[in-house]
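A.B. asks: turn this into a structure:
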Amino acid sequence: MAGRLGGVQVTIRKLTVVRVDADRNLILIKGGVPGKPGALVQIMPTNKVGR
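C.D. replies: Predicted structure coming up:
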């Protein structure tokens, strides 16, 4: 059935911040980031301990 997709929060874990370029306001992340190009992304430190 056709319908609306998206509009939900997606959490991706275990991504690595490769570099922060403050001059150009860029954060380089290794891995796939969900969302369309130009969308806002919230980056937070994890509070879970890896196994």
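
A.B. asks: quick check: phi and psi on the residue nearest the centre of the chain?
C.D. replies: Closest to where the C-alpha atoms of the chain average out (Cα atoms, centre = their mean) is Val33, at 4.4 Å. Dihedral pair for Val33: phi -110, psi 120, per degrees, to the nearest 10.

A.B. asks: neighbours around the residue lying closest to it once chain neighbours are set aside, how many?
C.D. replies: Among residues not flanking Val33 along the chain, Val41 sits closest, at 6.1 Å (Cβ to Cβ, 6 or more residues apart in numbering). From N, CA and C alone the C-beta is placed, and that goes for glycine too. The local packing of Val41 (other Cβ atoms under 10 Å) involves 10 other residues.

A.B. asks: just the strands in the protein please.
C.D. replies: For the chain, the strands defined by DSSP state E cover 16-21, 26-30.

A.B. asks: in a markdown table, list those along with distance to Leu5, mean pLDDT and mean neighbour count.
C.D. replies: Listed next are these as a markdown table, based on distance: least, Cβ to Cβ, whole Å; pLDDT from 0 to 100; neighbours: other Cβ atoms under 10 Å:
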| stretch | distance to Leu5 | mean pLDDT | mean neighbour count |
| --- | --- | --- | --- |
| strand 16-21 | 28 | 93 | 9 |
| strand 26-30 | 24 | 91 | 11 |
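
A.B. asks: distance to Gln9 for the ones you listed - can I get that in CSV?
C.D. replies: Formatted as CSV, the strands of the chain follow (distance: least, Cβ to Cβ, whole Å):
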stretch, distance to Gln9
strand 16-21, 20
strand 26-30, 17
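
A.B. asks: out of these, the one nearest Thr46 is which?
C.D. replies: strand 16-21 (11.8 Å; Cβ to Cβ).
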